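**Q** the sequence and its predicted three-dimensional model are supplied below.
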Amino acid sequence: MTDSKYFTTTKKGEIFELKAELNSDKKEKKKEAVKKVIASMTVGKDVSALFPDVVNCMQTDNLELKKLVYLYLMNYAKSQPDMAIMAVNTFVKDCEDPNPLIRALAVRTMGCIRVDKITEYLCEPLRKCLKDEDPYVRKTAAVCVAKLHDINAQLVEDQGFLDTLKDLISDSNPMVVANAVAALSEISESHPSSNLLDLNPQSINKLLTALNECTEWGQIFILDCLANYMPKDDREAQSICERVTPRLSHANSAVVLSAVKVLMKFMEMLSKDLDYYGTLLKKLAPPLVTLLSAEPELQYVALRNINLIVQKRPEILKHEMKVFFVKYNDPIYVKLEKLDIMIRLASQANIAQVLAELKEYATEVDVDFVRKAVRAIGRCAIKVEQSAERCVSTLLDLIQTKVNYVVQEAIVVIKDIFRKYPNKYESVIATLCENLDSLDEPEARAAMIWIVGEYAERIDNADELLESFLEGFHDESTQVQLQLLTAIVKLFLKKPTETQELVQQVLSLATQDSDNPDLRDRGYIYWRLLSTDPVAAKEVVLAEKPLISEETDLIEPTLLDELICYIGTLASVYHKPPSAFVEGSRGVVHKSLPPRTGSSESAESPEAAPSAGQAAEQPAVIPAQGDLLGDLLNLDLGPPVSGPPLAASSVQMGAVDLLGGGLDSLMGGGGGFAAPGPAVPAGVGAPLGSGLGDLFDLTGGVGTLSGSYVAPKSVWLPAMKAKGLEISGTFSRQVGSISMDLVLTNKALQVMSDFAIQFNRNSFGLAPAAPLQVHAPLAPNQSVEISLPLNTVGSVMKMDPLNNLQVAVKNNIDVFYFSTLYPLHILFVEDGKMERQMFLATWKDIPNENEAQFQLKDCSLSADAVSSKLQGSNIFTIAKRNVEGQDMLYQSLKLTNGIWVLAELRIQPSNPTLTLSLKCRAPEVSQHVFQAYDTILKN
């Protein structure tokens with residue numbers, strides 16, 4: 001009888017009925033009841049109410065019943081952790097059962113139940129199973145270690161399971177070895193720095209011995225592990241290759257690709273003069289060809305991998321062109337991939353065959369495929385010079401078919417052929433011009449316009465042809481507009497007398513009527529060139545063009561080497577390194593091929609690669625500090641720019657100039673600061689009194705009105721140092737915007753006016769977001785309060801200390817300089833709350849040497865008070881837990897330049913000293929973050 005009966009029920013009180021059956025004395029009835037429970041669970045019904053009754057059925061020696069109960073347990077243990085504890089005793093007992101299948105089943109199930117309480121009980125049974133006399137139990141236990149490590153990594157390390165796992169690599173049973181390798185690989189992937197798989201020639205020998213007797217998936221684990229090994233010399237590499245080669249004839253395509261990966265990697269170390277190198281090349285071709293007789297999906301994966309192999313070593317498949325010829329019933333994705341490889345393998349020897357094939361494809365019905373086939377003909381012409389003439393005549397034949405999309409693709413590739421072989425095939429231009437009216441795709445129109453402009457002197461009616469395009473200039477795509485502009489300018493330079501009107505028309509269309517900045521810029525450049533120096537214009541526009549290279553779509557060599565190390569994985573299908581598409585906690589290690597034997601760079605390349613990687617990971621916090629005096633004297637006191645900083649002027653302004661004539665225009669009131677800055681919302685930059693403006697401005701911020709701590713104002717510039725001008729101030733952050741709150745006091749005997757402010761380059765790019773607006777002249781003994789909005793898009797330079805800010809203030813009397821320290825918490829942004837999982841992953845990922853510990857003294861606040869106080873200044877608590885009576889707060893914050901800082905704050909109820917641990921990729925920030933904590937919590 002089939003199992004379908006378990007899925008049908010006519011009873012009313014279903015759960016009640018099942019409960020009665022589960023507690024029946026008859027074994028058969030019990031088994032039937034458990035099967036019904038599993039059936040209900042499978043279709044999504046909630047049968048968690050039966051948990052105690054199902055767990056009671058565990059006490060049985062019937063293997064089938066046990067498996068069903070364990071299946072139920074795995075599903076519901078997470079939602080019923082307290083109930084799951086009831087099952088622990090049975091698990092522990094089952095791990096000592098005389099039947100190895102039951103022992104293995106128990107340890108496997110315990111590993112699948114992701115409940116913290118149960119993992120504690122799992123350690124002893126797991127330790128016994130790892131040393132069990134039966135290999136089936138040992139291999140199951142090996143995988144269980146990896147599962148346990150995922151739940152609680154610290155526990156696995158403390159219990160010494162990793163060492164036991166390493167010992168299993170020397171096990172006598174090949175399946176145990178394979179599972180131990182798989183588990184260690186899995187663990188080391190999540191901890192890239194741990195170097196768990198410490199491979200040496202002895203362990204490699206054991207792996208190779210186990211390789212012959214494993215199941216296919218075991219072989220894949222071992223081969224992937226071998227691919228990460230670096231042989232000490234070419235003899236060891238050759239010996240490994242000899243022992244891996246038999247795997248190429250395996251029936252499983254994943255085994256074949258893993259073996260190919262190992263061989264491709266170790267071939268780097270073999271000298272090309274060796275006989276064995278030639279033999280190996282010959283042996284690699286047949287398995288790759290065999291993969292192409294599989295079903296289409298597997299063919300596609302194989303073709304994507306072959307594409308990489310052909311780019312790295314085309315000689316492997318150079319005689320196998322025919323297997324890449326397209327079959328009529330191939331799916332489109334296989335066809336396009338085969339075409340790509342055909343072009344990569346095209347050479348003088350096989351080009352006739354390839355062209356005949358491509359011409360055939362161009363008459364197919366599938367539009368995408370036909371387009372790619374026509375492109376392929378052009379690529380062959382560029383790649384194999386001897387075939388260019390044949391390719392051009394094939395393309396002309398295709399143009400004569402008058403099939404619209406074929407004609408358009410042909411014109412695009414002929415443009416490239418002209419670029420590669422100038423002054424050779426221009427006789428075909430007449431034929432191309434006949435098809436001008438049928439072009440409706442931007443790329444084809446742009447290509448045709450390029451041809452007309454480039455060979456205008458050979459085309460009698462070039463001006464008429466280009467004029468026909470000009471009529472609908474604004475409806476064309478940008479690509480066509482740019483080409484048309486350049487082509488008409490070329491035409492004008494070649495035939496100035498008859499095309500003057502045409503060039504003026506296109507220049508005015510491009511500069512006055514267009515809103516595309518690229519087009520306008522190019523139009524203005526041409527206009528100025530033509531109007532100031534026609535000879536220079538000729539040299540620029542009609543310059544010799546470099547020949548185009550044959551392979552424009554080759555993968556960049558370092559990326560190709562990395563992808564070769566990932567053959568048989570998703571990276572080889574996407575043609576992207578794993579770091580480009582793998583998210584989350586797993587640290588992705590960059591792999592690279594071993595250095596080539598006898599190459600000069602072999603000494604440098606292993607070190608060079610990682611250091612480049614490390615450099616890329618370090619966030620560019622802050623450039624080093626330069627000559628500060630020079631920088632300050634170079635302050636350009638124009639209105640502050642709220643956009644990105646402009647490149648610094650190369651003309652250095654001397655000190656005299658700055659204090660003398662350079663400021664005349666500013667002081668005259670007509671220049672410099674009088675010009676309005678960028679538009680500022682009401683209330684920003686106005687005196688603090690204008691409350692209405694401030695109120696309206698609240699909506700412009702991010703999030704809620706955060707009560708970020710604001711320090712009391714202190715004197716920054718005393719009157720005696722600034723000819724009677726006293727400046728005191730502080731910094732604040734309100735609703736996502738930073739401001740410098742200033743009080744300007746005039747202690748001199750004359751009126752002060754024409755105020756302006758400028759910051760020197762600083763560590764976080766702080767700059768005024770609006771001019772300093774003092775609306776009325778400042779009379780003697782008068783003060784004015786101003787809130788100056790700041791942004792962080794100014795120039796960046798690392799200061800010492802990091803939060804130092806150097807300021808220049810100018811008025812009608814003089815220019816004054818002072819420096820002040822800003823509190824770092826004004827740079828803590830509102831979206832600094834990290835996800836919990838992300839926090840854990842990042843904390844693990846940041847190296848331990850980047851961790852800094854500080855003591856916060858005399859702070860007797862509760863954990864909740866600390867948390868809410870810090871949240872006001874954008875330091876967010878992500879999690880809180882109590883460990884042995886002390887509260888632990890896990891917090892994150894983010895600076896305006898994108899740097900994250902992670903914190904762990906320990907609070908003991910009776911102790912007024914808190915311990916703060918900070919982790920950050922830019923450790924120089926930590927001291928200042930600690931100061932921010934100290935300031936916020938004590939005020």
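**A** Thanks, I have it.

**Q** in the helix or strand hosting Val370, what's buried?
**A** Val370 is part of helix 367-383, with elements assigned from DSSP states H and E. For helix 367-383, a neighbour-count test (16 or more other Cβ atoms under 10 Å) marks 369-383 as buried. C-betas here are computed from N, CA, C, even on glycine.

**Q** same deal with stretch 141-155?
**A** For stretch 141-155, by 16+ other Cβ under 10 Å, it's 141-149, 151-153, 155.

**Q** let's have these in TSV, adding distance to Asn812 and pLDDT.
**A** Listed next are these as TSV, based on distance: Cβ to Cβ, whole Å; pLDDT from 0 to 100:
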residue	distance to Asn812	pLDDT
Ala141	84	91
Ala142	82	90
Val143	80	90
Cys144	80	88
Val145	78	88
Ala146	75	87
Lys147	76	86
Leu148	75	85
His149	71	86
Ile151	71	82
Asn152	70	82
Ala153	67	82
Leu155	72	82
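
**Q** just the residues you listed: which are in helices?
**A** 141-149, 151, 153, 155 (DSSP state H).

**Q** which one of these sits closest to Ser170?
**A** Closest approach to Ser170 among these (Cβ to Cβ): Ala142, at 12.7 Å.

**Q** spatially, what comes nearest to the closest one if we skip its sequence neighbours?
**A** Of all residues beyond its chain neighbours, the one nearest Ala142 is Asn179 (4.1 Å), with distances taken as Cβ to Cβ, 6 or more residues apart in numbering.

**Q** so who does the one you found touch?
**A** Asn179 sits next to 139-140, 142-143, 168, 218, 221 when contact means Cβ atoms under 8 Å, 6 or more residues apart in numbering.

**Q** got JSON lines for those, with distance to Val262 too?
**A** JSON lines is the format used below for the contacts of Asn179 (distance: Cβ to Cβ, whole Å):
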{"residue": "Lys139", "distance to Val262": "23"}
{"residue": "Thr140", "distance to Val262": "27"}
{"residue": "Ala142", "distance to Val262": "22"}
{"residue": "Val143", "distance to Val262": "23"}
{"residue": "Leu168", "distance to Val262": "22"}
{"residue": "Gly218", "distance to Val262": "15"}
{"residue": "Phe221", "distance to Val262": "13"}
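
**Q** let me know the pLDDT of Ser783.
**A** Predicted confidence (pLDDT) at Ser783: the value is 92.

**Q** just checking, it touches Val743?
**A** Yes - the criterion here is Cβ atoms under 8 Å, and Ser783 meets it with Val743 at 5.6 Å.

**Q** ok, Ala444 - contacts?
**A** Contact analysis of Ala444 by Cβ under 8 Å, 6+ apart lists 407-409, 411-412.

**Q** helix or strand for it, which one?
**A** helix 442-454.

**Q** top of the contacts of Asn179 by neighbour count?
**A** Sorting the contacts of Asn179 by how many neighbours each has (other Cβ atoms under 10 Å) puts Ala142 first, at 27 neighbours.

**Q** shouldn't it be in contact with Asp167?
**A** No - taking contacts as Cβ under 8 Å, Ala142 lies outside contact range of Asp167: 10.5 Å.

**Q** any idea of the angle the next helix or strand after the helix holding Val370 forms with helix 367-383?
**A** Counting by DSSP H and E, the next helix or strand C-terminal to helix 367-383 is helix 388-400. On the basis of axes from the mean of the first three to the mean of the last three Cα atoms, to 10 degrees, helix 388-400 is oriented at 150 degrees to helix 367-383.

**Q** low-confidence ranges, the stretch 701-850 of the chain, go.
**A** Filtered on pLDDT under 70, the stretch 701-850 of the chain yields the residue ranges 701-707.

**Q** run through the helices of it in chain order.
**A** For the stretch 701-850 of the chain, applying DSSP state H, counting those that start in this stretch gives helices covering 836-845.

**Q** re the thing from before, of the buried residues of stretch 141-155, closest to Val392?
**A** Taking Cβ to Cβ as the measure, Val392 lies nearest Ala146 of the buried residues of stretch 141-155, at 59.8 Å.

**Q** and after the helix holding Ala444, which helix or strand comes next?
**A** For helix 442-454, the following helix or strand on the C-terminal side (DSSP H and E) is helix 462-470.

**Q** now for the nearest residue to Asp561 once chain neighbours are set aside, how many residues are close by?
**A** Leaving aside its sequence neighbours, Asp561 sits nearest to Leu593 (Cβ to Cβ, 6+ apart; 4.5 Å). Leu593 has 20 neighbours, counted by other Cβ under 10 Å.

**Q** got it, and Thr499?
**A** 22.

**Q** go on, Pro912?
**A** The tally of other residues near Pro912 (other Cβ under 10 Å) stands at 12.

**Q** could you say which helix or strand holds it?
**A** Assessed by DSSP H and E, Pro912 sits outside every helix and strand.

**Q** what about the closest residue in space to it that isn't next to it in sequence, which SS state?
**A** With Cβ to Cβ, 6+ apart as the criterion, Pro912 has its nearest non-adjacent residue at 4.4 Å, and that residue is Ser860. When classified by DSSP: H, G, I helix; E, B strand; the rest coil, Ser860 comes out as coil.

**Q** nearest to the spatial middle of the protein, which residue is it?
**A** Ala580 (4.7 Å; Cα atoms, centre = their mean).

**Q** which phi and psi does that one have?
**A** phi -80, psi -20 (degrees, to the nearest 10).

**Q** quick check: closest non-adjacent residue to Lys19.
**A** Counting by Cβ to Cβ, 6+ apart, Asp53 is the residue found nearest to Lys19 once chain neighbours are left out, at 5.5 Å.
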